[in-house]
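A.B. asks: The following comprises the amino acid sequence and a computationally predicted model.
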Amino acid sequence: MAFQLSSEQEAIRDVVREFGENEIRPVAREHDEEKRYPHDLVEQAARYDLVAPTIPEEYGGAGMDLLTSAVVTEELWRADPGIGSAIGSRGFGTSMIRKFGDEWMKEEWLPKVAAGESATCSCISEPAHGSDVAGIETRAEQDGDEWVLNGDKMWITNGTIADVAVVMAKTTPGERHRGITAFLVETDREGFEPTKIDNKLGIRASDLAEIRLDDVRVPEENVIGAVDQGFYQLMNFFADGRTSVAAQAVGAAQGALDAAAEYAGEREQGGKRISEYQAVSHKIAEMATNVEAARSLTYRAASVVDEGNDDQLAAKFASMAKLFASEHAVEVADEGIQVHGGAGFVTDHPAERFYRDARITKIYEGTSEIQKNIISDQIL
Ligand SMILES: Cc1cc2nc3c(=O)[nH]c(=O)nc-3n(C[C@H](O)[C@H](O)[C@H](O)COP(=O)(O)OP(=O)(O)OC[C@H]3O[C@@H](n4cnc5c(N)ncnc54)[C@H](O)[C@@H]3O)c2cc1C
């Protein structure tokens with residue numbers, strides 16, 4: 001298997017890279033410092049078809065496969081993970097609508113998301129249940145031809161800006177995996193109450209919230225897929241999500257490497273550029289090797305998902321890619337700070353931002369420990 005990008009994929013990569021260099025990078029620091037969501041850049045990105053690019057063309061999207069969208073994600077994060085996250089996760093949750101939603105849901109929401117007009121969020125995690133998704137306690141009870149949702153969701157990306165949410169709730173209490181259903185919840189419904197979380201370590205330009213669901217009523221037609229099948233539906237595209245996070249990590253690591261290489265070529269100590277010290281040049285060599293290894297594994301995982309013929313293999317490769325890319329992204333960003341010396345410790349340079357931003361990739365879409373459980377379960 002050769003992981004050579006096609007000329008079309010290379011052309012898309014070049015467009016995103018240029019967009020990142022010209023539009024994102026110059027404003028990255030101020031968005032981080034002000035914790036400001038980049039509404040204008042989301043609009044611009046949508047014009048380039050970079051928002052939720054896997055939405056099919058018939059619903060106004062770019063219809064990209066996972067490998068191509070991983071390349072887009074990588075380049076957005078390379079420019080800046082915070083803004084990259086805001087753009088890249090704009091349609092978080094649309095996979096559930098796309099794969100399991102009724103036609104009316106797709107027609108109503110997918111074109112607006114692809115156009116950058118609407119944002120979505122995916123409400124799975126809860127204060128007491130993160131890694132243990134099957135244990136969620138948010139309840140949905142049927143009342144005539146409506147469902148009534150009650151509970152608390154935690155760490156929800158786009159929580160305060162989303163127009164529509166995909167909410168996972170227990171429909172058969174007492175059951176774990178077998179008792180969960182996905183609901184489409186328009187966020188202007190009464191009882192949908194987000195509270196912004198703005199004390200994050202990194203990716204500060206992206207939106208995060210906790211959400212209280214207080215007697216939120218939705219009609220029966222808002223069930224996505226089938227009652228009690230939500231967990232299995234979710235498992236269907238965890239491989240996509242994990243591969244995308246691996247691509248985020250590759251992008252953050254590449255950005256950290258770019259910054260370190262540039263600094264090493266400029267900074268002089270003892271009468272020569274620090275890149276001429278082998279201790280520094282070997283550091284750069286190791287960083288570059290880890291970035292390339294992470295990229296190869298990520299592209300391979302994306303290709304396995306795109307080939308679509310073995311869910312187990314896709315799950316394993318996606319977990320391996322996420323584990324390897326995220327762990328190494330943090331290491332690479334750490335070394336990037338080291339190459340900068342004291343200058344790496346302050347916000348004048350992007351090195352510290354890549355370090356803070358890369359850290360999230362080891363946590364969401366399943367922590368590194370959970371990825372190891374998944375991988376070892378397939379081996380032992
Ligand atoms: C910025 C950000 C954005 C997020 N966006 C979303 C979102 O949009 N939607 C959403 O639903 N969630 C989102 N999350 C939540 C994220 O997916 C969870 O934080 C993550 O799954 C871990 O869950 P937890 O925080 O409850 O940690 P816990 O599950 O409490 O884990 C704590 C520690 O215990 C370890 N651990 C737990 N269980 C096991 C086990 N079985 N085996 C080995 N180790 C274990 C973990 O690896 C970790 O080290 C987001 C989180 C953050 C920080």
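C.D. replies: Great, that's in hand.

A.B. asks: residues of stretch 300-312 that come out buried?
C.D. replies: Within stretch 300-312, the residues that qualify as buried are 300-306, counting by 16 or more other Cβ atoms under 10 Å. Placement of C-beta: from N, CA and C, glycine included.

A.B. asks: can you list those in CSV and add secondary structure and pLDDT?
C.D. replies: Output for the buried residues of stretch 300-312, formatted as CSV (DSSP: H, G, I helix; E, B strand; the rest coil; pLDDT from 0 to 100):
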residue, secondary structure, pLDDT
Arg300, helix, 96
Ala301, helix, 96
Ala302, helix, 96
Ser303, helix, 95
Val304, helix, 94
Val305, helix, 94
Asp306, helix, 94
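
A.B. asks: filter the residues you listed by proximity to the ligand?
C.D. replies: Among the buried residues of stretch 300-312, proximity to the ligand is found for none (Cβ under 6 Å from any ligand atom).

A.B. asks: which one of those residues sits closest to the ligand?
C.D. replies: Distance to the ligand across the buried residues of stretch 300-312 (Cβ to the nearest ligand atom) is lowest for Ala301, with 18.5 Å.

A.B. asks: one step back: wait, which of the buried residues of stretch 300-312 is closest to Glu8?
C.D. replies: Asp306 (14.1 Å; Cβ to Cβ).

A.B. asks: Excluding sequence neighbours, find me the nearest residue to that closest one.
C.D. replies: Nearest non-adjacent residue to Asp306, counting by Cβ to Cβ, 6 or more residues apart in numbering: Asp65, 4.6 Å away.

A.B. asks: What of Phe317?
C.D. replies: Ala301 (3.9 Å).

A.B. asks: Just list the residues touching that neighbour, thanks.
C.D. replies: 239, 242-243, 246, 314, 317-318, 320-321 (Cβ atoms under 8 Å, 6 or more residues apart in numbering).

A.B. asks: tell me the two of those that are most distant?
C.D. replies: The widest separation within the contacts of Ala301 (Cβ to Cβ) is 12.5 Å, between Ala246 and Ala314.

A.B. asks: Can you list the buried residues in stretch 262-281?
C.D. replies: So stretch 262-281, judged by 16+ other Cβ under 10 Å, has buried residues 263-264, 274-275, 280-281.

A.B. asks: ditto for stretch 20-36
C.D. replies: 20, 23-25, 27-29, 31-32, 35.

A.B. asks: Distance to Glu43, secondary structure and pLDDT added to these, as JSON lines?
C.D. replies: Output for these, formatted as JSON lines (distance: Cβ to Cβ, whole Å; DSSP: H, G, I helix; E, B strand; the rest coil; pLDDT from 0 to 100):
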{"residue": "Gly20", "distance to Glu43": "16", "secondary structure": "helix", "pLDDT": "98"}
{"residue": "Glu23", "distance to Glu43": "11", "secondary structure": "helix", "pLDDT": "98"}
{"residue": "Ile24", "distance to Glu43": "13", "secondary structure": "helix", "pLDDT": "98"}
{"residue": "Arg25", "distance to Glu43": "18", "secondary structure": "helix", "pLDDT": "98"}
{"residue": "Val27", "distance to Glu43": "14", "secondary structure": "helix", "pLDDT": "98"}
{"residue": "Ala28", "distance to Glu43": "17", "secondary structure": "helix", "pLDDT": "98"}
{"residue": "Arg29", "distance to Glu43": "21", "secondary structure": "helix", "pLDDT": "98"}
{"residue": "His31", "distance to Glu43": "15", "secondary structure": "helix", "pLDDT": "98"}
{"residue": "Asp32", "distance to Glu43": "20", "secondary structure": "helix", "pLDDT": "98"}
{"residue": "Lys35", "distance to Glu43": "19", "secondary structure": "coil", "pLDDT": "97"}
